[in-house]
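Have a look; sequence and predicted model below, questions after that.
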Amino acid sequence: MIDLKTILCPLTVAASLSAAQPSLTPPAGPVSVSGRDGTRIELSQATAPGDADSVFRISTPGSYVLTRNLVVPSGMTGIEIATGGVSIDLNGFEISGAGAIGGSPHGIAVPLFPQAPGPVSLINVSIENGSIRGFFTGIDLDESGNAAQLRTTTRQVRIERVEVSDVIRGIDVNQDAIIRACQIDATALGIGIAGGVVSECSVRVAGVGASGVAADNAVLTNVRVFLAEGTSSAVGFGANNATITNCHVQFENAPPPVTAFSVADSHLRGCTAIAGSTQGQGFSVVGSGAHIESCTAIGFGTAFDVTGQNSLVRGCAAIGSATPAILGAGVVAIDNTF
């Protein structure tokens, strides 16, 4: 067993915010309900009346603000965004659901539009500054129905300074998204993104087959993933056609098979993978033209497993691993410590 304390301090994941009792009294200071002059609109039944499956449903573009904690009944979504051009400031408050399993589906989500002739895309949506807990999915801005054409996606999305906990899935978005300075604690998926940027986030997942970050066509920077004890068949980062810089994965005695970075056709630089003992894979990289530079794997069964033509492994290190590196034909290795 490797003493991680002598190698790298464990990943610190912020604790979930304590549940506050709901208050019907807004914080001191006026909150505009006009919005026509660019000021914020208080989220209420008057400005965003809910429907059969949501507490609030925003159907008019504008800048909205939450002025109290929101407790969501079982079977309902907290806030449904049914139009583009919407910003939501959670204002430091919490949206809490009835539980991740058999409770509330979404903290914030987009609805399906059954009458639409095809997929619907909502443009320009932002969510910031608060916490969400106790849902199947914390924030779901990529909703699919049973029919192939029944889908609602979002573009030009910004999610910042949001803490999501006690969920199955944390944040799920589609394309043109920016996720920054968020903290996720989930059992199946931390962050799912198909096009965009994730930066300065921390993710903790604890569940069989869990994935910290699943990304396609994305840029990932300074993201930390912690796979909790008992998390088997798990992946820290699963990515395709991604640029991954200064990202880190740490396992806490997670049983194999586990993989810190499982990527295809991607570039990685300055990343670190740490396992509690010699198990699983640190970096599993496939596809043509992959670059892995200045990365370190500590305590894996296989530290680096890289295949594919025209791939480069440079300046990397394997420490305390049973098999330091498996490099396929056509992989160029320069200045590594294996």
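Ah, there it is. Residues are numbered from 1 along each chain as shown.

which secondary structure element contains Asp166?
Secondary structure from DSSP states H and E places Asp166 in strand 151-172.

Quick one: list the elements packing against that strand.
Where contact means 3 or more CB pairs under 8 Å, 6 or more residues apart in numbering; DSSP states H and E, strand 151-172 is packed against strand 120-140, strand 143-144, strand 177-180, strand 183-199. Quick note: C-beta positions are derived from backbone N, CA and C, even for glycine.

Okay, now the sheet partners of it, with direction.
In the sheet containing strand 151-172, its partner strands are strand 120-140 (parallel), strand 143-144 (antiparallel), strand 177-180 (parallel), strand 183-199 (parallel), by DSSP bridges.

Return the distance of it from the chain's centre.
On the basis of CA atoms, centre = their mean, to the nearest Å, strand 151-172 sits 7 Å off its chain's mean C-alpha point.

Pick out the shakiest of the strands paired with strand 151-172, pLDDT-wise.
For those, the bottom mean pLDDT is recorded on strand 143-144, which sits at a mean of 74.

For the stretch 101-250 of the chain, give me the ranges with low pLDDT.
Counting by pLDDT under 70, the ranges of the stretch 101-250 of the chain that qualify are 114-117, 145-149, 230-231.

what do you get if the cut-off is 90, keeping everything else the same?
For the stretch 101-250 of the chain, residues meeting the criterion pLDDT under 90 lie at 101-104, 111-121, 142-155, 174-176, 206-210, 227-234.

Select, out of the strands paired with strand 151-172, the one closest to Gln45.
Comparison of those against Gln45 by CB to CB identifies strand 120-140 as nearest, at 19.5 Å.

circling back: mind putting the strands paired with strand 151-172 into CSV with distance to Val86 and mean neighbour count?
Below are the strands paired with strand 151-172 laid out as CSV (distance: least, CB to CB, whole Å; neighbours: other CB atoms under 10 Å):
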stretch, distance to Val86, mean neighbour count
strand 120-140, 5, 23
strand 143-144, 15, 17
strand 177-180, 14, 22
strand 183-199, 18, 23
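
for these, which one sits closest to Ser87?
Distance to Ser87, taken as CB to CB, is lowest for strand 120-140 among these, at 4.3 Å.

residues in contact with the closest residue to Gly328 other than its chain neighbours?
In space, Gly328 comes closest to Thr307 once its chain neighbours are excluded; the distance is 3.5 Å by CB to CB, 6 or more residues apart in numbering. By CB atoms under 8 Å, 6 or more residues apart in numbering, the contact list for Thr307 reads 285-286, 327-328, 331.

Top of those by number of neighbours, please.
Among these, the one with the most neighbours (other CB atoms under 10 Å) is Val285, at 28 neighbours.

Cross-check the contact I'm expecting between Pro111 and Glu80.
Yes. When contacts are counted by CB atoms under 8 Å, Pro111 is listed as touching Glu80 (5.2 Å).

Settle it for me: which of these two has more neighbours?
Neighbours per residue, other CB under 10 Å: of Pro111 and Glu80, the larger number sits with Glu80, 22 against 19.

Test of understanding: give the bridge partners of that one.
According to DSSP bridges, the partner residues bridging Glu80 are Arg57, Ala109.

Verify the stated contact: it with Ile58.
Yes. Proximity of Glu80 to Ile58 meets the contact threshold set by CB under 8 Å, at 6.9 Å.

Just the mean pLDDT for the helix or strand harbouring Ala325, thanks.
Here Ala325 sits within strand 323-327, counting by DSSP H and E. Along strand 323-327, the predicted confidence averages to a pLDDT of 89.

Excluding chain neighbours, give the residue nearest to Val263 in space.
The shortest distance from Val263 to any non-neighbouring residue, by CB to CB, 6+ apart, is to Ala239 (4.5 Å).

How many residues are close by that neighbour?
So Ala239, with other CB under 10 Å, has 25 neighbours.

just the angle between the helix or strand containing it and strand 183-199, please?
Assigned by DSSP H and E, Ala239 falls within strand 234-240. For the pair strand 234-240 and strand 183-199, the angle between their directions (axes from the mean of the first three to the mean of the last three CA atoms, to 10 degrees) equals 20 degrees.

Contacts for strand 234-240, please.
205, 207-218, 220, 223, 225, 227, 244, 247, 249, 254, 258-266, 273.

Please flag which of those sit within strands.
Residues of these located in strands (DSSP state E): 205, 211-218, 220, 225, 227, 244, 249, 258-264, 273.

if we can go back for a sec, quick check: PyMOL command selecting the buried ones in the contacts of strand 234-240.
One line in PyMOL is enough to select the buried members of the contacts of strand 234-240, burial here meaning 16 or more other CB atoms under 10 Å:
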select buried, resi 205+207+210+211+212+213+214+215+216+218+220+223+225+227+244+247+249+254+258+259+260+261+262+263+264+265+266+273
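
which residues touch the residue most central in space within the chain?
Central residue check for the chain by CA atoms, centre = their mean: the C-alpha nearest the mean position is that of Ile191, 1.7 Å away. Under the criterion of CB under 8 Å, 6+ apart, the contact list for Ile191 reads 170-172, 179, 182, 184, 198, 201, 203, 212-215.
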